[in-house]
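In: Kindly generate the corresponding structure for this input.
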Amino acid sequence: MTKAVETLPNGIEIYDDRMYALIGSDAQLDQLTDGAVHSEGPVYFSADDSVIWSDAHGNRLLRWSEPDGVTVLRDPSDYQNGNAHDLEGRLVSCSSGLRAIIRRELAGQWRVLCDRYQGKRLNSPNDLVVKRDGTIWFTDPPYGITEPNQGYGGEQEQPGSYVYRFDPATGEIDAVVTDMLRPNGLTFSPDEQRLYVSDSSAFNIANGYHHIRAYDILEGRTIVNGRVFAVIDPGQPDGLCVDEQGNVFTSSRDSVQIYAPNGTRLGKIPVPETVANVAFGGRDRDRLFIAAGHSLYAIDLETQGILQP
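Out: Numbering: from 1, shown residues only. Sure thing, here's the model as predicted:
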């Protein structure tokens, strides 16, 4: 029997009893800052207890911390979008403007890591995740080419929109997922045996998709058994993250939605602006940072994000 939706006093929606263990009834959504054109790609840095995120349409890279508030790290940012940190603590980012994966070296300079596949320019890298082996997996839809304020335009050279695996140690790049229309956000399960990828093609394609696909990973790099994990409504899924238990936290038009590893929707965290991306952080990895609309939000949870390398 399907559980009736319960709304807690703080607005949290409960669809499954497992949701009660993930968030307290007194948890409150905090707006940390606003003023961005379109917030995207948050990543938490424990070294200084800060969040770096992109003003993707404002062409800026921003940083927030409790003592410092908001500072601008890069302006212009060549339309950076998704961000992560690598095994050495360096910031790695998707640059929709440069159509590349870029990295900020420890001395502060920026370096292009890859911008081509089989001799042709990438579309416009959108989001990325760093695996424990140091490889960078990223999505490559054409939004920086086709959409205003998301890139510098240009001609699409790749025959499709793929998910790539890039090894910065060797320079090797492989298209690992080629059966999606507009791959967007992505994340691994805690054991890195499963890859989740959102398809946001309903954004601007008639009869496009608004779902998350799941893939099994063999020998750390081969993708098999692609299937629909969850259909997201309202809106489209964008950025994703997982907690230690393997629950998937995904963006949507009106909330952060949470799904169990078997695809059951557990609940929703309503957000007053359209959610673009999410990331765990905080000293205990139990704070969810939410890039939505013009703002950066945070909410404390009863679950933890996976321990980053």
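In: Low-confidence stretches in the stretch 51-200 of the chain?
Out: Regions of the stretch 51-200 of the chain meeting the criterion pLDDT under 70 are absent.
In: Could you pull out the strands in it for me?
Out: 60-65, 69-74, 80-85, 91-95, 100-104, 110-114, 116-117, 120-121, 128-130, 136-139, 163-167, 172-177, 183-188, 194-199 (DSSP state E, counting those that start in this stretch).
In: partners of the fifth one, with directions?
Out: Okay, so that is strand 100-104. Next to strand 100-104 in the sheet, as set by DSSP bridges, lie strand 91-95 (antiparallel), strand 110-114 (antiparallel).
In: quick revisit: how about the strands of the stretch 51-200 of the chain in TSV, adding mean neighbour count?
Out: In short, each C-beta sits where N, CA and C put it, glycine included. Supplementary listing: those in TSV, determined by neighbours: other C-beta atoms under 10 Å:
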stretch	mean neighbour count
strand 60-65	20
strand 69-74	14
strand 80-85	26
strand 91-95	26
strand 100-104	21
strand 110-114	16
strand 116-117	16
strand 120-121	14
strand 128-130	22
strand 136-139	26
strand 163-167	21
strand 172-177	17
strand 183-188	25
strand 194-199	25
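In: neighbouring contacts of stretch 96-113?
Out: The contact list for stretch 96-113, computed with C-beta atoms under 8 Å, 6 or more residues apart in numbering, reads 56, 59, 74, 76-81, 86, 88-95, 114-115, 121-126, 128, 136, 138, 143-145, 150-152, 154, 166, 168.
In: distance of residue 5 from residue 269?
Out: In this structure, residue 5 lies at 14 Å from residue 269, with C-beta to C-beta, to the nearest Å as the measure.
In: ok, these two, which is more surrounded?
Out: Between residue 5 and residue 269, residue 269 has the larger neighbour count (other C-beta atoms under 10 Å), namely 26 against 11.
In: Show me the one of the strands of the stretch 51-200 of the chain that comes nearest residue 15.
Out: In this view, the strands of the stretch 51-200 of the chain are compared for proximity to residue 15 by C-beta to C-beta, and strand 194-199 is the closest at 18.9 Å.
In: strand partners of that closest one, parallel vs antiparallel please.
Out: Sheet pairing for strand 194-199, assigned by DSSP bridges, gives strand 183-188 (antiparallel), strand 211-218 (antiparallel).
In: The first one: how far from the chain's middle?
Out: For strand 183-188, the distance from its own C-alpha centre to the chain's C-alpha centre is 6 Å (C-alpha atoms, centre = their mean, to the nearest Å).
In: just the angle between that strand and strand 163-167, please?
Out: Here strand 183-188 runs at an angle of 50 degrees relative to strand 163-167 (axes from the mean of the first three to the mean of the last three C-alpha atoms, to 10 degrees).
In: What lies in contact with strand 183-188?
Out: Contacts of strand 183-188 with the rest of the structure, by C-beta under 8 Å, 6+ apart, involve 82, 126-129, 131, 137-141, 161-163, 177, 194-200, 217, 236-242, 248, 250-251, 277.
In: Recalculate using a threshold of 6 Å.
Out: Outside of strand 183-188, the residues within contact range by C-beta atoms under 6 Å, 6 or more residues apart in numbering are 126-127, 129, 139, 161, 163, 195-198, 200, 238-242.
In: got it, and stretch 151-169?
Out: Outside of stretch 151-169, the residues that reach it under the criterion C-beta under 6 Å, 6+ apart are 79, 96-97, 113-114, 120-121, 123-124, 135-142, 144-145, 173-178, 182-183, 197, 221.
In: Same check on stretch 228-238?
Out: Counting contacts by C-beta under 6 Å, 6+ apart, the residues touching stretch 228-238 from outside are 184-185, 198, 200, 202-203, 210-214, 250-254, 259, 263, 276-277.
In: give the contact list for residue 125.
Out: Counting by C-beta under 6 Å, 6+ apart, residue 125 makes contact with 94, 101, 138, 140.
In: Now for those residues: which two are most distant?
Out: Greatest spatial distance among the contacts of residue 125 (C-beta to C-beta): 101 and 140, at 9.6 Å.
In: related to what we said a few turns ago, among the contacts of stretch 228-238, which ones are buried?
Out: The neighbour-count test (16 or more other C-beta atoms under 10 Å) applied to those identifies 184-185, 198, 200, 202-203, 210-214, 250-254, 259, 276-277 as buried.
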